[in-house]
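J.: Sequence below, structure please.
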Amino acid sequence: MDGNTYIDMLSAYSALNQGHRHPKIIEAAHKQLDRVTLTSRAFRNDQFGYFLEKVSTITNKDLVLPMNSGAEAVETALKTARKWGYEHKVPKGESARIIACMGNFHGRTISIISFSSEEDYRNGFGPFTGGFDLIPYGDNKALENAITPNTVGFLVEPIQGEGGVIVPPDGYLREAFEICQKNNVLFMADEIQTGLGRTGKMFACDHENVTPDIYILGKALSGGVLPVSAVAANENVLGVFKPGQHGSTFGGSPLASAIASAAIDVIVDEKLPENSERMGQYFTERLFEMNSPVIKEIRGKGLLIGVEIKPEYGKARPFCERLKEKGILAKETHDMVVRFAPPLIITRDQIDWAMERIEQVFK
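T.: Alright, predicted model coming up:
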């Protein structure tokens, strides 16, 4: 409004991996707006199948169930795991259980905050949904100990973004996946924030060659144009739903499908995961080179980077406010961490422009 220039280092929590108003995505939106925007999912539309095929291709899964928000996709995964469990594992009359991790952020519905370890997300919203067990993040011994005959799923973020850009130990995801397989437990990866190129691979699980039983996707699936999310799994898992048992009015609409198809095409065709890996390495190196006395730790993967502030220098919020005054839009998370997560189209020159200003704040 005031003619100032900013660089977006948050990407709407990774919903804008392709950048703001990518021309191919906007063109797809305009084209579809002139045709038809919404049909009931009871009827076929000519965009829906292409969208499902593209998600199926990048996830290597048989079936895709589209929704709108990321929280809806998480709820869909929870319902899938429970229904699968009752059909294939849990004895009649007993309750299915799902394991999640402390420090998680999967959304803000009643069921999801029921297994949050953050009191701020829960305070004033009870009573809560049962059937969930919490374990420490990055601790596979705790996962093994928590599994019971009634455990149907393990829900995990490959990197805890909202939790402070917490990167688990090397091999954690691979070992957790193998534990789940051994115990007939569905491994559900919440790749809403870490997926679609953010960490330098198409999915963060790819760093450990893990293909989850259930992918949970959102945010950049629409290139930041409108809410699009999806759950992808094979037929033996997602096929538990029968017509009418789960769905969405707007999920997979012609407009959403056309936009999401273009959003996926941009990620693949423009090799955004590869650029994320290169630019993430460069950006991280530049941050380390500052050798700032206020920084406790720099961590992350690709272009999901967390800079933790030493407690004696206060919280991260004032640093973000000073960055904003210099044209850098970043956001604190977990009080002490400044998160840098620019669109995956960023260039070295743009990082250099940003680093001149970041250095002024952190030095």
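
J.: neighbours around Ser292, how many?
T.: 19 (other C-beta atoms under 10 Å). Any C-beta I mention is one placed from the backbone N, CA and C, and that applies to glycine too.

J.: nope, Phe43 is what I was after
T.: Phe43: 7 neighbours (other C-beta under 10 Å).

J.: if I look at it, how far off is Gly130?
T.: With the distance defined as C-beta to C-beta, to the nearest Å, Phe43 ends up 38 Å from Gly130.

J.: Quick one: residues contacting Met188.
T.: 77, 81, 153-156, 212-214, 216 (C-beta atoms under 8 Å, 6 or more residues apart in numbering).

J.: List just the nearest of those residues to Leu304.
T.: Val156 (15.7 Å; C-beta to C-beta).

J.: what number of residues lie near the residue nearest to that closest one when sequence neighbours are not counted?
T.: Once flanking residues are discounted, Val156 sits nearest to Cys101: 5.8 Å by C-beta to C-beta, 6 or more residues apart in numbering. If you count neighbours by other C-beta under 10 Å, Cys101 ends up with 25.

J.: and Cys101, what does it touch?
T.: Residues near Cys101 by C-beta under 8 Å, 6+ apart: 134-138, 155-157, 160.

J.: now Thr59
T.: If you count contacts by C-beta under 8 Å, 6+ apart, Thr59 has them with 203, 215, 217, 232.

J.: pretty sure the first one contacts Glu191?
T.: Yes. With contact taken as C-beta atoms under 8 Å, Phe203 and Glu191 are classed as touching, separated by 5.1 Å.

J.: between those two, what contacts are shared?
T.: Counting by C-beta under 8 Å, 6+ apart, the residues touching both Phe203 and Glu191 are 158, 215.

J.: which one of these two has more residues nearby?
T.: Between Phe203 and Glu191, counting by other C-beta under 10 Å, Glu191 is the more crowded of the two (29 against 23).

J.: Tell me the spacing between that one and Pro66.
T.: 15 Å.

J.: now do Leu272
T.: Counting by C-beta to C-beta - Leu272 and Pro66 are separated by 21 Å.

J.: The one helix or strand in the chain whose mean pLDDT sits lowest packs against which elements?
T.: The weakest-scoring helix or strand in the chain, judged by mean pLDDT, DSSP states H and E, is helix 119-122 (a mean of 90). Where contact means 3 or more C-beta pairs under 8 Å, 6 or more residues apart in numbering; DSSP states H and E, helix 119-122 is not packed against any helix or strand.

J.: How far off centre is it?
T.: 20 Å (C-alpha atoms, centre = their mean, to the nearest Å).

J.: Name the residues of it that are buried.
T.: Tyr121 (16 or more other C-beta atoms under 10 Å).

J.: what's the answer for stretch 134-148, then?
T.: 134-135, 137-140, 142-143, 146-147.

J.: again, but for stretch 70-89
T.: For stretch 70-89, the neighbour count (16+ other C-beta under 10 Å) marks 70-86, 89 as buried.

J.: Could you verify that Gly124 is part of a helix?
T.: No. Applying DSSP: H, G, I helix; E, B strand; the rest coil, one finds Gly124 to be coil, outside a helix.

J.: which residues does it contact?
T.: Taking C-beta under 8 Å, 6+ apart, we find Gly124 in contact with no residue.

J.: Ok, Gln18 next?
T.: Here Gln18 is in contact with 25, 220, 223-224, 263, 266-267, 270, 272, 343-345 (criterion: C-beta under 8 Å, 6+ apart).

J.: what secondary structure does it sit in?
T.: Bear in mind the rule, three-state DSSP; under it Gln18 is coil.

J.: now it: how far from Phe115?
T.: Remark: distance between Gln18 and Phe115 (C-beta to C-beta) = 31 Å.

J.: Quick one: the strands in the protein, in order.
T.: Applying DSSP state E to the chain gives strands spanning 7-8, 63-67, 97-101, 132-135, 151-156, 186-190, 214-217, 229-233, 295-301, 304-309, 328-329, 331-333, 337-340.

J.: same question for the last one, mean pLDDT?
T.: By that I understand strand 337-340. Strand 337-340 carries an average pLDDT of 98.

J.: what's in contact with that strand?
T.: 9-10, 161, 164-165, 283, 287, 303-309, 316, 319-320, 323, 330-333.

J.: Adjacent strands (with direction) for it?
T.: Strand 337-340 sits in its sheet next to strand 304-309 (antiparallel), strand 331-333 (antiparallel), going by DSSP bridges.

J.: thinking again about what came up before, the contacts of Gln18 into JSON lines, with extra columns for pLDDT?
T.: Output for the contacts of Gln18, formatted as JSON lines (pLDDT from 0 to 100):
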{"residue": "Ile25", "pLDDT": "98"}
{"residue": "Ala220", "pLDDT": "98"}
{"residue": "Gly223", "pLDDT": "97"}
{"residue": "Gly224", "pLDDT": "97"}
{"residue": "Ala263", "pLDDT": "98"}
{"residue": "Val266", "pLDDT": "98"}
{"residue": "Ile267", "pLDDT": "98"}
{"residue": "Glu270", "pLDDT": "98"}
{"residue": "Leu272", "pLDDT": "98"}
{"residue": "Pro343", "pLDDT": "98"}
{"residue": "Leu344", "pLDDT": "98"}
{"residue": "Ile345", "pLDDT": "98"}
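
J.: Looking at the residues you listed, which are in helices?
T.: Of these, the ones assigned to helices by DSSP state H are 25, 263, 266-267, 272.
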